[in-house]
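Enquirer: this one's sequence-less:
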């Protein structure tokens, strides 16, 4: 299954991975982890291969070699070792890239709404619309 990956954040790609993983478990509950091979290219495509009964070592090597030759990223393959030690930082950085730090992004402070726009204006002087420097 190949899917265009043009979303940032990638919603449909994650849905594809989830759907394939769930289907693999339905077809082969014990060996589902060996039935899936997934690769992607950033903001281009993602491809998920499913083989009931799992991939052989030779097939995995062939697929991995081809993946490297195409400069694709391995998302998952049978036997892949997952190192989750940096996962929280990746998730935090990803969240910050979308939502920022939560700080006010205004570069300058907003003007005081009670301050006259014209510095020559004396708000205590009697108002005369024809002479008033404070008039709009």
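Expert: Nice, I can see it. Every value quoted in this text rests on a predicted model; they were computed, and no experiment measured them. Numbers count the residues shown, from 1 in each chain.
Enquirer: Quick check: closest non-adjacent residue to residue 63.
Expert: Using CB to CB, 6 or more residues apart in numbering and skipping residues adjacent in sequence, the residue nearest residue 63 is residue 37, 5.4 Å away. In short, each C-beta sits where N, CA and C put it, glycine included.
Enquirer: list the helices and strands the helix or strand harbouring that neighbour packs on?
Expert: If you go by DSSP states H and E, residue 37 is part of strand 36-40. Using 3 or more CB pairs under 8 Å, 6 or more residues apart in numbering; DSSP states H and E as the contact test, the elements touching strand 36-40 are helix 11-27, strand 45-50, helix 57-69, strand 73-76.
Enquirer: Out of those, which gets nearest to residue 94?
Expert: When the helices and strands packed on strand 36-40 are ranked by proximity to residue 94, the top entry is helix 11-27, at 12.3 Å, counting by CB to CB.
Enquirer: Run the chain-centre distance for that closest one.
Expert: Put simply, helix 11-27 sits 18 Å off its chain's centre (CA atoms, centre = their mean, to the nearest Å).
Enquirer: got the angle for that helix vs strand 36-40?
Expert: What separates the directions of helix 11-27 and strand 36-40 is an angle of 170 degrees, with axes from the mean of the first three to the mean of the last three CA atoms, to 10 degrees.
Enquirer: Of all the residues in helix 11-27, which ones are buried?
Expert: By neighbour count, with 16 or more other CB atoms under 10 Å as the criterion, the buried positions of helix 11-27 are 13, 16-17, 20-21, 24.
Enquirer: got the angle between the strand holding residue 37 and helix 57-69?
Expert: Here strand 36-40 runs at 10 degrees with respect to helix 57-69, directions being taken by the same axes, to 10 degrees.
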